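> Need coordinates for the below:
(chains A and B)
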Amino acid sequence: MNTSRSAADKPLTLRLLSQISPSHTGFGPFIAAIMLLAVVLVTIFSPWIATHDPLAMDPLMRLKPPSEEHILGTDGFGRDLFSRMVLGGRISLLIGLCAAVVALGFGILIGLVAGYFRIADAIIMRAMDALMAMPSILIAIALVALNGPSIGSVIMAITIPEVPRVVRLVRSVVLTAREEPYVEAALALGSSTPKILFQHLLPNTMAPMIVQGTYIVASAILTEALLSFLGAGISTEIPTWGNIMAEGRQYFRINPGIILWPGLLLTICVLSINLIGDAARDALDPRMKKREA
Amino acid sequence: MELRNKDFSAEPIVLEIKDLVVEVGSKSVLPPILKGISFDIRHGETVCLVGESGSGKSVTSLATMGLLPKDALKVRGGEIRLKGENLVTLSPGQMKQRRARDLAMIFQEPMTALNPVLKVGAQIMEVLDLHTRLSASEKRAKVIDIMEQVHLPDVERIFESYPHQLSGGQRQRIMIAMALILEPALLIADEPTTALDVTTQKQILSLIAELQEKHGTAVLFITHDMGVVAEIADRVCVMRHGEILETGTIRQVLEEPRHDYTKKLLSAVPSLIPREPRPDAGATPVLVTKDLGKTYRSGGFLAKKSEVRASYGVNFDLSPGRTLGIVGESGSGKTTVARSIMRLIEPTEGQILLEGDDIAHLSTSAMKPKRKKLQVVFQDPFRSLNPRWTIARSLTEGPLNYGVPYAEAIAEAKRLLQIVSLPEDALKRYPHQFSGGQRQRIAIARAVMLRPDVLVADEAVSALDVSVQAQVLDLLDELQRQTGIAIIFITHDLRVAAQICDEVLVMKRGEVVEQGPAGQVLHAPQHEYTRALINAAPGRFWDFAAHKPLVA
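Numbers count the residues shown, from 1 in each chain, chains lettered A, B, ... in the order given. Just a heads-up that it's a prediction; the model follows:
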């Protein structure tokens, strides 16, 4: 009993690091981490990797198959597909990351308040219930339609439906943690409410938040692609995996690569993030792992 | 009441454990958990395994039941013979056959040992389903019979009840009924009364003794409480660090303990004789309550309104340097009183006068300057320190809240660590690196960092082993003599209250039933409930430290 307690008490970073070695996790998460790293590096250095200007159209080169000049061929406007794809990954990943950070930020803040103050709880949670009752993709489309198809508005459109999920999770953690005697002791020591919220309660939410964060990144990348596919996403002036595929739809028979390659990259990326998220969950909450085994 | 004194040497041996070694995991370098222990139990006999936490007593019982956690613990050597058959070599399937029929076990926490979604009658029936071929009506009759034997009231109704509808004592009776229905030769009871109130504990102990008499069951009783041992044991094995240090009849062990550790254990048992009354200096009380009460109201919109009066009519005054004990069983409202005084909750009636000012309804900000005069130590030292904070950060939290410079706060923390006998390098460490007793001393140090006038100790020693308990009580006493702090000591244990309190307040169901100087309340209790509590204190007829019976 003592050993399990001390394991759970180890600092978060140590527990996560100890899980990275393949001997600990098996090869799934390890390979996922390598692949994700590769994708991230490619997108970060995309301006140097890209062979062409992703926006340069060439009416003579429309829908060409892969060649030495254009590694993956060209799209309907004669733009280089490979260049668009690596640069598009940048925007897609950026949107995923931003959506996760913003959703976690707001979610944690609202969740802390809801979990700690009983009156706020009743009001906030009903609002969250209402938000969750609406299909998230419809909310996102409506928000993009209202604010125009910029990167910022797409991030907001993806973030808002994610917030209630984070709020619920944070609230549930806070509800249990606030009953801990060390919180009452802090109260007795005259600690202010912000101090109790951010120094005593907030660290309890970190482990589930890291895991939830990875899932939000993955789902935000997918939602962005879906929005673009539905024509409610970022305009094709700024390439993303989603809008490259959306444009490729009408040329599917002539050059299926326009959908295939970004789609493949997207799948690898989301799969890797989810695998890493699962590994993080196992590392941070050993009970979950046992239950599955 | 007297020590048991029956000779079992003519009875057949039921359980014989020889050189039992249990180790951690497969390729561990850690020393074994059990280092070759041997003892036996005869027909109708009760053998107590006594020891503090980590002594290996529970591992012994689990090994006997064949219930060691798979992969984590393993029997490495030795024999466990039940009526001559070596259980160590049996397959899990064969072991399953033996359990319930030949040996059974009851646990500490009857709520978690019962399935919450099945009726208790059905759960007892299940044992019969697995091990017998009786018809449904025969089974039911047998279950009703055993439920009557364990003295459950209104058996037909309880048969159809769910575990949560029963009290803790009733649930433990159900567990005993389940364990004994097939009349096993051996019953293992692992701290079966530790989670129960003293009055319930007394009933359960006499029930086990009665059933043992009736069925001739051999009982292996595991406990940390010497009082309980004195009540029920025929023979005692004292365990420490996986070894049996001393074995003997109850009389031998209590009257002429041979091993130093046994002597230490016995002298650490708090006695029911109250401390010498200290002179009341007649100083102005620092804390006074007037008709203090708390009523919880729930329901309202759509739900049925309900009220629970958790405590009411609490009146006392507490002078500097004095200790007030609030004693009661679970649900008596003693913790509600503590939390009201600490203003962790707002009382619904009455006044709390701290140095003459009523703090009962102060707002959070108005309360802040008062807070440092009132500090608290909680029961569970594993949960009362933030596991993510270093000891230095925990200790300095209070002073920093009141604007004390960090250097000053850390110097004070070092000074207090010395007083609670912890090394200075403890400051950099985290709570999980300390034992329960050490953590409790850290919690006390944290509470006195602010130099409070009143310290509320809410069951502050209940989770600790007796020897550690004694140290912590000494520490509180020492602090009180040095600083003149007033202590409110909340406990369910009359023995502990007798050791430390000047005055005692006995609570029952939210009401104060008796109040007065410790000597008077414990010696000449006026209220029937106080008398019942004192009578139920296990081993009250024995003076453990002096190795002789107590003469009243």
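> what residues does the stretch 201-350 of chain B put near chain A?
Residues of the stretch 201-350 of chain B lying close to chain A by C-beta under 8 Å from any C-beta of the partner chain are B:342, B:344. In short, each C-beta sits where N, CA and C put it, glycine included.
> Run through the stretch 201-350 of chain B and note the low-pLDDT ranges.
Applying pLDDT under 70 to the stretch 201-350 of chain B picks out residues B:299-303.
> which residues sit in contact with residue A:156?
A:102, A:143, A:147 (C-beta atoms under 8 Å, 6 or more residues apart in numbering or on different chains).
> quick one, what contacts the residue most central in space within chain A?
Centroid-nearest residue in chain A, with C-alpha atoms, centre = their mean: residue A:217, separated by 0.6 Å. Residues in contact with residue A:217 (C-beta under 8 Å, 6+ apart) are A:96-97, A:99-100, A:273.
> Could you pull out the buried residues of the strand or helix carrying it?
Taking DSSP states H and E as the criterion, residue A:217 maps to helix A:202-229. For helix A:202-229, the buried set under the neighbour-count rule, 16 or more other C-beta atoms under 10 Å in any protein chain shown, comprises A:202, A:204-205, A:207-229.
> List the contacts of the following helix or strand past it.
Later in the chain than helix A:202-229, the nearest helix or strand by DSSP H and E is helix A:241-248. The list of residues contacting helix A:241-248 from outside it, by C-beta under 8 Å, 6+ apart, reads A:75-76, A:81, A:84-85, A:88-89, A:92, A:221, A:224-231, A:233-236, A:255-256, A:258-259, A:262-263, A:265-266.
> Swap in 6 Å and give it another go.
A:84, A:88, A:92, A:224-225, A:228-229, A:233, A:236, A:258-259, A:262-263, A:266 (C-beta atoms under 6 Å, 6 or more residues apart in numbering or on different chains).
> can you narrow these to ones near chain B?
Among the contacts of helix A:241-248, no residue lies close to chain B (C-beta under 6 Å from any C-beta of the partner chain).
> Need the max-distance pair from those.
Comparing all pairs in the contacts of helix A:241-248 by C-beta to C-beta, the longest separation belongs to A:224 and A:258, at 17.4 Å.
> mind checking how far residue A:162 is from residue A:201?
Distance, residue A:162 to residue A:201, using C-beta to C-beta, to the nearest Å: 21 Å.
> From the contact counts, what lies against the longest helix along chain A?
The longest helix of chain A (DSSP state H) is helix A:81-116. In terms of contacts (3 or more C-beta pairs under 6 Å, 6 or more residues apart in numbering or on different chains; DSSP states H and E), helix A:81-116 is packed against helix A:27-44, helix A:46-49, helix A:118-133, helix A:151-177, helix A:202-229, helix A:241-248.
> Can you point out the buried residues in it?
Those would be A:81-100, A:102-104, A:106-116, for helix A:81-116 by 16+ other C-beta under 10 Å.
> Centre of the chain to it, how far?
Centre-to-centre, helix A:81-116 and its host chain are 5 Å apart (C-alpha atoms, centre = their mean, to the nearest Å).
> Same question for stretch A:270-279.
That offset, for stretch A:270-279, works out to 11 Å (C-alpha atoms, centre = their mean).
> Now the residue in chain B sticking out farthest from the centre. Its backbone dihedrals?
Distance from the C-alpha centroid of chain B, by C-alpha atoms, centre = their mean, peaks at residue B:135 (41.8 Å). Backbone torsions for residue B:135, taken as degrees, to the nearest 10, come to phi -80, psi 160.
> That one and residue B:128: what is the separation?
Distance from residue B:135 to residue B:128, by C-beta to C-beta: 10 Å.
> Any stretches of the chain with poor pLDDT?
As the question left the chain open, I've gone with chain A. Using pLDDT under 70, the flagged stretches of chain A are A:1-26, A:285-293.
> nope, chain B please
B:1, B:26-28, B:299-303, B:551-552.
> Which positions in the stretch 101-250 of chain A make contact with chain B?
Checking the stretch 101-250 of chain A against chain B by C-beta under 6 Å from any C-beta, the hits are A:180-182, A:184-185, A:188-191, A:200, A:203.
> OK, contacts around residue 104?
Looking at chain A here, since you left the chain open. So residue A:104 contacts A:166, A:209, A:213 (C-beta under 6 Å, 6+ apart).
> was after chain B, sorry
B:179, B:184, B:187 are the contacts of residue B:104 under C-beta under 6 Å, 6+ apart.
> Which ones among those map onto strands?
Here DSSP state E is the test, and the contacts of residue B:104 give residue B:187 as lying in strands.
> which of the contacts of residue B:104 come close to chain A?
Of the contacts of residue B:104, not one also sits near chain A (C-beta under 6 Å from any C-beta).
> between the contacts of residue B:104, which is closest to residue B:200?
Using C-beta to C-beta, the contacts of residue B:104 come closest to residue B:200 at residue B:179, 17.6 Å.
> any idea how far the nearest residue to the closest one once chain neighbours are set aside is from residue B:233?
In space, not counting the residues next to it along the chain, residue B:179 is nearest to residue B:104; the distance is 3.7 Å by C-beta to C-beta, 6 or more residues apart in numbering or on different chains. With the distance defined as C-beta to C-beta, residue B:104 ends up 19 Å from residue B:233.
> all strands of the stretch 51-200 of chain B, in order?
Counting by DSSP state E, counting those that start in this stretch, the stretch 51-200 of chain B has strands at residues B:73-82, B:85-86, B:103-106, B:186-190.
> and of those, who's closest to residue A:31?
strand B:73-82 (34.8 Å).
> Just give the strands next to the closest one in its sheet, each with its orientation.
Strand B:73-82 sits in its sheet next to strand B:13-24 (antiparallel), strand B:85-86 (antiparallel), going by DSSP bridges.
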